[in-house]
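Peer 1: A structural model of the following input is requested.
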Amino acid sequence: MRKNDFDFTIPTRQSYSAILIITYRLYKVIFKQLFPLLVIFLIQGSLGKSNTFLFSIIGIASLGAIYSIVAFFRYYFYIEGDKLIVKKGVFKRSILEIPFDRIQSINFEQNLIHRIFSVVKLNMDTAGSAADELQLNALDKGMATALSQKILKNRKKITLAKIEGEIIPKKDEKKTIFQLSLWQLIKVGVTENHLRSGGIIIFFFVWIYDNLREVGLDYKDKLESYFPALEELSQSFVIVIGFIVLFVLSSFLISLFRTVLRFYDLRMSRVGEGFSIQNGLLNKKEQAAKDSKIQLLSWSQNFLQSMVNIYELNMRQAASAERRQSKSFKVVGLSKKDIDNTTAYIFKDLLDELETTPKHGVDFYYLFKRIYYWTLFSIPLFILFSFIERFDFMIYLSVFYLFGLLRSFLSYKKKKFAIGPELMVVNGGVFGRKSTMMMNLKVQNTKLLSTPFQRRRKLRSMAIFTASGVLMIPDIKMKLAKQIQDFLIYKVEKSGGDWM
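Peer 2: Numbering: from 1, shown residues only. Next up, the predicted model:
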């Protein structure tokens, strides 16, 4: 059957591979819940001795498989008029009706199981909340393409809107404007935030530690039985250094591994009035970002990235707080020219106005406040180390304090903003830099914030609310903040453009 011959007026099931995907997702949840118990059995050495545990696992797995099969056969979808109807439910039957004009975008996704069975996952974003995103777990590629085209074609007739950029079109309809090479991918992995990966390692062991304590397991006795000289080893400088090196190396490898999994074969293409972004090794995603729906566009560069001259780009679309991460599209490894080309696509001729718009810095109080906090934190420690005569610690603390002062100064110097007739930009960063741009008509609300110390100095911090998050401008003169607030309200009321 050709993809144009699908009759979606007949109730249709997903591909049979959906059974495996439903089962996998169910087992994944069960494993997360039972993992602490599994760790306890392993540490106590009773996993192989307990037939009850083994039979319980087999029973849970069997029930999960039965549930997945029933869920698959009770899940139907079809088109009725200008609505997509979905009937589902195992213990409780539910019917979901989705009008075509409520469907914001349709995106494809493929993990390893999808790719093995040549199917795709269809994500339909129907509103701004997580509950309103419909997922068809496994559809034949031809059926998925035909369904998305039929829905969006009929939606176009209903809304009289141009929406070609919201689907993943054919390859000959795309114009690739950026593709991440293997060498660039390696550079991205090397310059990633390795502290985040180190935090994952620490969080994992803390989570294991807390779960063992909650069940009353005497883990210290177990460790001593495995390592009788553990206390002596912990006092060895060589062992401590070895653990630090192992921790740093593990963090680096985790960052590199995560980067390859997420951004392998990263491509950004221009499709009509929007972008198509494809990436992923095992979990391959292909998402759409239409120009008119992009609320905030930001590019950044950390210290390591500045050394190899690469940038990160984030496109943030309208979404609720629960779904902002899923509606934020990240592109890595770009050059400054790639950044300029992307901003030119979205903001077109509006970029010229920023060249003549004066840039404002934040008040000196922004720097003073940070220096004050660093000093307030450091002085008691200086007194303590002096009292106990630990002058080596005082040297370390002095270096740490000077680092804090340098960090505060760099943050103060780079915190600038400019608001033109149609476009605004907010710059920041510490050892790297970050720039966030948005159109003034995207503003939903503004709020002036102040502490007693700010009010004494006639300062305000401004929160600019959009459908994809909040943009902050800290510590500016109250008069200037009022002028900006009045100007943005005026621009929003006057503008007849779409804010999302």
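Peer 1: now residue 282, what's its secondary structure?
Peer 2: Secondary structure, DSSP: H, G, I helix; E, B strand; the rest coil: residue 282 is coil.
Peer 1: next, give phi and psi for it.
Peer 2: phi -90, psi -40 (degrees, to the nearest 10).
Peer 1: can you give me the pLDDT of the closest residue to it other than its chain neighbours?
Peer 2: Using CB to CB, 6 or more residues apart in numbering and skipping the chain neighbours, the partner closest in space to residue 282 is residue 112 (4.7 Å). (C-beta placed from N, C-alpha, C; glycine too.) For residue 112, the pLDDT comes out at 80.
Peer 1: I'd assumed residue 283 was in contact with residue 112.
Peer 2: Yes. Using CB atoms under 8 Å, residue 112 is in contact with residue 283, at 7.3 Å.
Peer 1: neighbour count winner among the two?
Peer 2: Legend: neighbour count by other CB atoms under 10 Å for residue 112 and residue 283, higher for residue 283 (16 against 10).
Peer 1: that one contacts residue 111, doesn't it?
Peer 2: Yes. Shown here, residue 283 and residue 111 form a contact pair, counting by CB under 8 Å, at 4.3 Å.
Peer 1: elements contacting the strand or helix carrying residue 491?
Peer 2: In the assignment (DSSP states H and E), residue 491 maps to helix 478-494. Counting contacts by 3 or more CB pairs under 8 Å, 6 or more residues apart in numbering; DSSP states H and E, helix 478-494 packs against strand 416-419, strand 445-449, strand 459-466.
Peer 1: pLDDT on the next helix or strand after the second one, on average?
Peer 2: Toward the C-terminal end, the helix or strand that comes next after strand 445-449 (DSSP H and E) is helix 452-456. Averaged across helix 452-456, the pLDDT comes to 93.
Peer 1: list the contacts of helix 452-456.
Peer 2: 365, 369, 460, 461, 475 (CB atoms under 8 Å, 6 or more residues apart in numbering).
Peer 1: which phi and psi does the residue nearest to the first one when sequence neighbours are not counted have?
Peer 2: Taking CB to CB, 6+ apart as the measure, residue 365 lies nearest to residue 475, with 5.2 Å between them; neighbours along the chain are not counted. Per-residue torsions, residue 475: phi 50, psi 70 (degrees, to the nearest 10).
Peer 1: is it true that residue 475 touches residue 461?
Peer 2: Yes. Using CB under 8 Å, residue 475 makes contact with residue 461 at a distance of 6.1 Å.
Peer 1: between these two, who's got more neighbours?
Peer 2: Per other CB under 10 Å, whichever of residue 475 and residue 461 has more neighbours is residue 475, with 24 against 18.
Peer 1: which residues touch that one?
Peer 2: 362, 363, 365, 366, 369, 454, 459, 461.
Peer 1: in JSON lines, list the residues you listed along with distance to residue 261.
Peer 2: Listed next are the contacts of residue 475 as JSON lines, based on distance: CB to CB, whole Å:
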{"residue": "362", "distance to residue 261": "39"}
{"residue": "363", "distance to residue 261": "44"}
{"residue": "365", "distance to residue 261": "44"}
{"residue": "366", "distance to residue 261": "39"}
{"residue": "369", "distance to residue 261": "40"}
{"residue": "454", "distance to residue 261": "45"}
{"residue": "459", "distance to residue 261": "45"}
{"residue": "461", "distance to residue 261": "39"}
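Peer 1: just give me the neighbour total for residue 282.
Peer 2: So residue 282, with other CB under 10 Å, has 13 neighbours.
Peer 1: show me what residue 439 is bridged to.
Peer 2: Counting by DSSP bridges, residue 439 forms beta bridges with residue 423.
Peer 1: just to revisit the earlier point, show me which of the contacts of residue 475 is closest to residue 441.
Peer 2: Nearest to residue 441 among those is residue 461, at 22.7 Å by CB to CB.
Peer 1: quick check: the closest one touching residue 474?
Peer 2: Yes. Residue 461 is within contact range of residue 474, at 4.5 Å (criterion: CB under 8 Å).
Peer 1: what stretches of this structure score poorly on pLDDT?
Peer 2: 1-4, 32-54, 127-133, 155-173, 195-240, 242, 319-326, 496-500 (pLDDT under 70).
Peer 1: domain map for it?
Peer 2: According to automatic domain parsing, the chain comprises the domains 3-161, 186-263, 267-362+415-494, 365-412.
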